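[1] sequence plus the predicted model coming up.
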Amino acid sequence: MSKIVSKVNKNSESYQENAEYHSGLIDTLRGRIHEAVHGGRDHIIERHRKRGKLLPRERVDLLVDPCTPFLEFSSLAAYDQYGGRVHSAGIVTGIGVIHGAHCVIVANDSTIKGGAYYPETVKKHIRAQEIAEQNQLPCIYLVDCGGAYLHEWDRVFPDRDHFGNIFFRQCNMSAQGLPQLAAVFGVSTAGAAYIPALSDEVIMVRGNATVHLGGPSIVKVAINEDIGPEELGGAEMHTTVSGVSDYLAETEQEAIARMRDIVSKLNRPQVTYQRVLKPQQPLYPMEEIKGIVSKDFSQPYDIREVIARLVDASDFQEFKAQWGTSLICGTAHIEGYPVGILGNNGPLFSDASVKGAHFIELCNQRNIPLLFLQNVPGFMVGKAAEQGGIAKHSAKLVYAMSCSKVPRFTVVVGGSYGAGNYGMCGRGFRPNMMFAWPNSVVATMSPDIGTNVVLELAKTSISKKSTPESLAQLEKETRELYADKSDPYFATSRIWDDGIIEPEQTRDVLALCLSVAATNAPDEGSSYVYRM
C-alpha cells in the first residue's frame, strides 16, 4: 500500500523539454567542475610533479579504501571570484572511508596560489571540521600550505570564524577523542604550521615537507639569521631533532600508506544505531527526475515522483496524506537506512506547517534522520492566511525543525524562497549536510516579487522623485541583482551549501550521509509528540 505509483508520461512534450533543460544544466556543471579540478595551471602542475608530488585528489584516492566513494564538499567554492584563479578555494575536503571507517579529509592544493588560505578556503576548511565534529569523525589533514593569503588578511586572520578558528576546533576535537592526524607533503608555514603541530600524530615527507612558523626570509628580516628551509624546518630535522614529526616518509606514497596504518589502529568501534534493511533499488530510474522537475518554477510537479526515484523500492509511508497537502511527509529507506522525508508541493499553509512539526517530532521520538527536499515559494501570505494564524503555525515548524535532535539533511531541488527556506531547514539552521541541484535558487523572494516590492517602495518614497526613466532603470538593476545573486553557482561559490550535485547522484550522496549519521548515538533526552 505504501509504494508510490508513478504517473509520469515520458512521451509528453513537457517531460521532453524538462529533460533537455536539465541535461544542459548538468553539462554546464560537469564542465565547471572539470575546470576547477584540472584547468588553468598546467605549468604549475608540471613543476609539482617534477618534485615527486601528487595532486591533492590523487593523495585522497590513495588514502581511501579502493572502490569506495569520496564525498567531496564544495568543489566549486570561490567559483567566479578572484578572477577565476582560486579553483575549489585551493583546498579539497570531504568524507572518505579508510579501513572501513568514515573520516573527514582536508587536503591543501599547492598548485592554487601555493595553497594559501583565502576567506573561502578558511570557511571551507572550518565547514569540514564542523561536519567531523557533528558526526564524531576523525580528521585527516594532507598539508601543503603557505598560510594565509596576506592581501586578504583582514578577511582571513582576526575574526572569530577566521584562520584561528581552525586550530581552536582542532584542539577541541582532539580533546573530545576525535583523532587529528596530519601528513605534510610540502610547505607548512606561518599559521599553517599549527595544523601539524596541533595534530595527534604527524608524518613528513623527506625533501619536500617543511614546517616553520617563520620561513627563511622572515628569519632574515626578524633576527638577521641566514638559514635554509631544510635546516630551519625540514622533515629530517623535525623527525630527528625537534620531535615535531613522528614519522619520516621517503615518498608521498609511503606517507599515505603510513596514514592508512595509523587509521587502522585507532581502535574506534564501528557501531550502527539504526535498524538497517537490505537495500533495494527504486522502482523507477533516477534519470527520469530530469523530465519530472519543471524547468519553470511556476509549473508545479508532484514531489512524490522525485521521492519514488530516491527511496528503496519506491516504498514511502506517507503521513497525513489527505491533510496539509502542500507539504509531503513520510518515512522510507535509502540504501537500507531509515529516513523521514519532507518535500514541498507548493507554499506552506498553516495546516502543512503543523503537519510538518508533528512529523518531525515523530521522527525524533523514533531516531529517524530527516531529509528536507526544498522547492518552496515560502509560507502563505494574505488576509486569510494571517487571520488563520500563519505566523504562529509557521513558527511551530521552524521551532520543531530547529530543536530536532536527529541528523538533518537538505537538498534544494528547486526554488527556496524567504521564510520557506527557514522552515525547510536552510543553511542558517545548520543541517548536517546541505546540497543543491543545478536548477536551484535560494533568495529572499522571486525576481518578479522582489522587483515589484522595490518599485513600490521607490514610488512611495518621499525622499525620491521617481520618473518613468528612473523606475525603468531601477527595475533593470533589481532584476539583474536577483538573477546574479540567486544563481546556484553564486551560492555554492560562497559555501552556502556543501556542493552542487546532479539529480541522479542524489540517492548515492544521501546514502553515504545516512550511513555516517547511523554511527551517531541517539540523543538520550526525552522526545514528546504534541498533536497540535
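    Structure received.
[2] the strands in the stretch 151-300 of the chain, which residues?
    180-189, 201-205, 210-212, 247-249 (DSSP state E, counting those that start in this stretch).
[3] give me the helices and strands touching the first one, please.
    Think strand 180-189. strand 139-145, helix 163-175, helix 194-197, strand 201-205, strand 210-212, helix 252-264 (3 or more C-beta pairs under 8 Å, 6 or more residues apart in numbering; DSSP states H and E). Just so you know, the C-beta spots here come from the backbone N, C-alpha and C atoms, and that holds for glycine as well.
[4] and stretch 404-412, end to end?
    Stretch 404-412 has an end-to-end distance of 19 Å (criterion: C-alpha to C-alpha, to the nearest Å).
[5] ok, stretch 198-216 next?
    Start-to-end, stretch 198-216 (C-alpha to C-alpha) is 22 Å.
[6] pLDDT averaged over stretch 281-289 - what is it?
    Across stretch 281-289, pLDDT averages out at 97.
[7] okay, the helices and strands packed on strand 180-189 in a markdown table with mean pLDDT next?
    Listed next are these as a markdown table, based on pLDDT from 0 to 100:
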| stretch | mean pLDDT |
| --- | --- |
| strand 139-145 | 96 |
| helix 163-175 | 96 |
| helix 194-197 | 94 |
| strand 201-205 | 98 |
| strand 210-212 | 92 |
| helix 252-264 | 98 |
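[8] what's the most buried one of these?
    strand 139-145 (a mean of 28; mean count of other C-beta atoms under 10 Å).
[9] that one packs against which elements?
    Short answer (3+ C-beta pairs under 8 Å, 6+ apart): strand 139-145 packs on helix 56-63, strand 101-108, helix 119-134, strand 180-189, helix 194-197.
[10] now the fourth one against helix 56-63, angle please.
    In other words, strand 180-189. 150 degrees (axes from the mean of the first three to the mean of the last three C-alpha atoms, to 10 degrees).
[11] state the distance from S188 to A182.
    8 Å (C-beta to C-beta, to the nearest Å).
[12] nope, D42 is what I meant
    29 Å.
[13] check P285 too.
    Distance from P285 to A182, by C-beta to C-beta: 43 Å.
[14] returning to what we had before: so of the helices and strands packed on strand 139-145, which one's packed in deepest?
    It is strand 180-189: most buried of the helices and strands packed on strand 139-145 by mean count of other C-beta under 10 Å, with a mean of 26.
[15] give the buried residues for the helix or strand of the chain with the lowest mean pLDDT.
    The helix or strand of the chain with the poorest confidence is helix 447-460; it has a mean of 76 (mean pLDDT, DSSP states H and E). Going by neighbour count (16 or more other C-beta atoms under 10 Å), the buried part of helix 447-460 is P447, I449, G450, T451, V454, L455.
[16] so how far is whatever helix or strand comes next after that helix off the chain centroid?
    Next along the chain after helix 447-460, taking DSSP states H and E as the criterion, comes helix 468-485. Relative to the chain's own centre, helix 468-485 is displaced by 31 Å; criterion: C-alpha atoms, centre = their mean, to the nearest Å.
[17] what of stretch 114-129?
    13 Å.
[18] one step back: wait, which of the helices and strands packed on strand 139-145 is closest to V516?
    Nearest to V516 among the helices and strands packed on strand 139-145 is strand 101-108 (5.2 Å), distances taken as C-beta to C-beta.
[19] dump the closest one to CSV, keeping only the CA atoms.
    Taking Å, rounded to 0.1, in the frame of the first residue of the first chain, the C-alpha atoms of strand 101-108 are listed here in CSV:
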residue,chain,number,x,y,z
ALA,A,101,36.0,3.9,9.0
HIS,A,102,34.4,7.2,7.8
CYS,A,103,37.0,10.1,8.1
VAL,A,104,36.9,13.7,7.1
ILE,A,105,39.8,14.6,4.8
VAL,A,106,41.2,18.1,4.3
ALA,A,107,43.8,18.4,1.6
ASN,A,108,45.6,21.6,0.6
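[20] what is that strand packed up against?
    Using 3+ C-beta pairs under 8 Å, 6+ apart, strand 101-108 sits against helix 56-63, strand 91-98, helix 119-134, strand 139-145.
[21] adjacent strands (with direction) for the shortest one?
    Same thing as strand 139-145. Sheet pairing of strand 139-145 (DSSP bridges) gives strand 101-108 (parallel), strand 180-189 (parallel).
[22] make CSV from these and add distance to P488 and mean pLDDT to it.
    As requested, the strands paired with strand 139-145 are exported to CSV (distance: least, C-beta to C-beta, whole Å; pLDDT from 0 to 100):
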stretch, distance to P488, mean pLDDT
strand 101-108, 24, 97
strand 180-189, 33, 94
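[23] any chance of the ones you listed in TSV, plus distance to K290?
    What follows is the strands paired with strand 139-145, written out as TSV (distance: least, C-beta to C-beta, whole Å):
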stretch	distance to K290
strand 101-108	30
strand 180-189	40
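[24] which one, of those, ends up nearest to V241?
    Of all these, strand 180-189 comes closest under C-beta to C-beta, at 15.7 Å.
[25] what's the angle from that closest one to helix 119-134?
    Using the same axes, to 10 degrees: strand 180-189 against helix 119-134 is 160 degrees.
[26] from the chain's centroid, how far away is strand 180-189?
    With C-alpha atoms, centre = their mean, you get 24 Å for strand 180-189.
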